Structures are given as structure tokens and as C-alpha cells.
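**Q** What follows is a protein structure lacking sequence information:
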């Protein structure tokens, strides 16, 4: 079974698909030196493959991440309050997806952008209700705030650019995370 730090590192790669130690430090809140220790051990166990300065999960690493989710979050899956929270999130998620689509079609107009940021702020507030159950969700709150601040400073690429820690990417990663916590597959319809 993975330790909490090992899970944080491997889960960061699981959610991002490929990540550097610096990126993992940014999204997990762990010190980069600790992340490098975890990565070195994971490479040695064959859980992770290093490609230049980035890392990808191997099949065994992905299985270990999913086993951690199954084992650690089994009690969470049984909580009716968490199921109710997720149902409310799905409605918010549908709104967010529509807003991102509108923003993209409008070529990033200010009104659409503001609506996306307001919805992201709502998710950040709502995550407060889950932080007692899943404390690491505080990282998503911090990441959403950082990305929103950058958008407010005129860095509009932090709304939706796929190669940076944008609001859209953070949202997508959180959605993947909560689905894994709940043991639910992503609806691909």
C-alpha cells in the first residue's frame, strides 16, 4: 500500500498523465525534495517511467493509485452526504462545461470569462464541505485561486490552456479525482 506522500505524487501523475517534480510540488503542496525521493523509489519499483524531466505512470503504478483510492476512500463512498455533494457538483459541472464552451466560441470575451471564474469560486467554496472528509482537496482550492488570480492579472491563458495549471485543467483533474474517490467511471456519453 502506498504512503500518503507516495499516493500524492503518483496520483498527481495519474491525474495529469505526465508531470515533472516541479509540477507535482505545485499541485500537491509537498516539498520538491520529498517528491524527488518518492519518484526515485517509484522508478525503482517500476511504478513510474522517467522521460527527460517528466514522469508517466506504468501499469503497476496506476493499479497502485486505484487500489489506494479503493481502500482509503471506501468509507467515503458510503457517506450519503458525499453522494449528495457529488450530485450537486454534477449540476455545477454541466454549467461550467457550458461556460467554457461559450468562452471558447466568444474567443474569450470578458463576460464569459467572469462567469467561468465565478463558477470556479463556487466550486472552491463547495470544496470546503469535503475538506474534512478529503483534506487534500484544499490543494484544489489553492490551485483554483492561483489560476483565477492569474486570469484577473490579464493572463487569460489560465482560463483554459491545456499545458498549464489553468482553471479548466484543475477542474478536470478534480472531476477525475472525485470520480476515483467515489469509485465511479467517467460518463463518456
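**A** Right, received. Where do you want to start? Since the structure is predicted, the reported quantities are computational estimates derived from the model, not experimental observations. Numbers count the residues shown, from 1 in each chain.
**Q** buried set for stretch 27-41?
**A** For stretch 27-41, the neighbour count (16 or more other CB atoms under 10 Å) marks 27-28, 30, 34-35, 37-39 as buried. (Glycine included, C-beta is placed from N, CA and C.)
**Q** need the residues you listed in TSV with secondary structure, distance to residue 59 and pLDDT, can you?
**A** Formatted as TSV, the buried residues of stretch 27-41 follow (DSSP: H, G, I helix; E, B strand; the rest coil; distance: CB to CB, whole Å; pLDDT from 0 to 100):
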residue	secondary structure	distance to residue 59	pLDDT
27	helix	23	94
28	helix	22	95
30	coil	24	96
34	helix	25	97
35	helix	21	97
37	helix	23	97
38	helix	18	97
39	helix	17	98
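**Q** And the furthest pair within those residues?
**A** Between any two of the buried residues of stretch 27-41, the greatest separation by CB to CB is 17.1 Å, found for 27 and 37.
**Q** Contacts only, for the nearest residue to residue 72 once chain neighbours are set aside.
**A** Nearest non-adjacent residue to residue 72, counting by CB to CB, 6 or more residues apart in numbering: residue 7, 7.7 Å away. Neighbouring residues of residue 7 by CB atoms under 8 Å, 6 or more residues apart in numbering: 65, 68, 72.
**Q** Which of those residues has the largest number of neighbours?
**A** Within those, residue 65 tops the neighbour count with 23 neighbours, counted by other CB atoms under 10 Å.
**Q** mind checking how far it is from residue 19?
**A** 13 Å (CB to CB, to the nearest Å).
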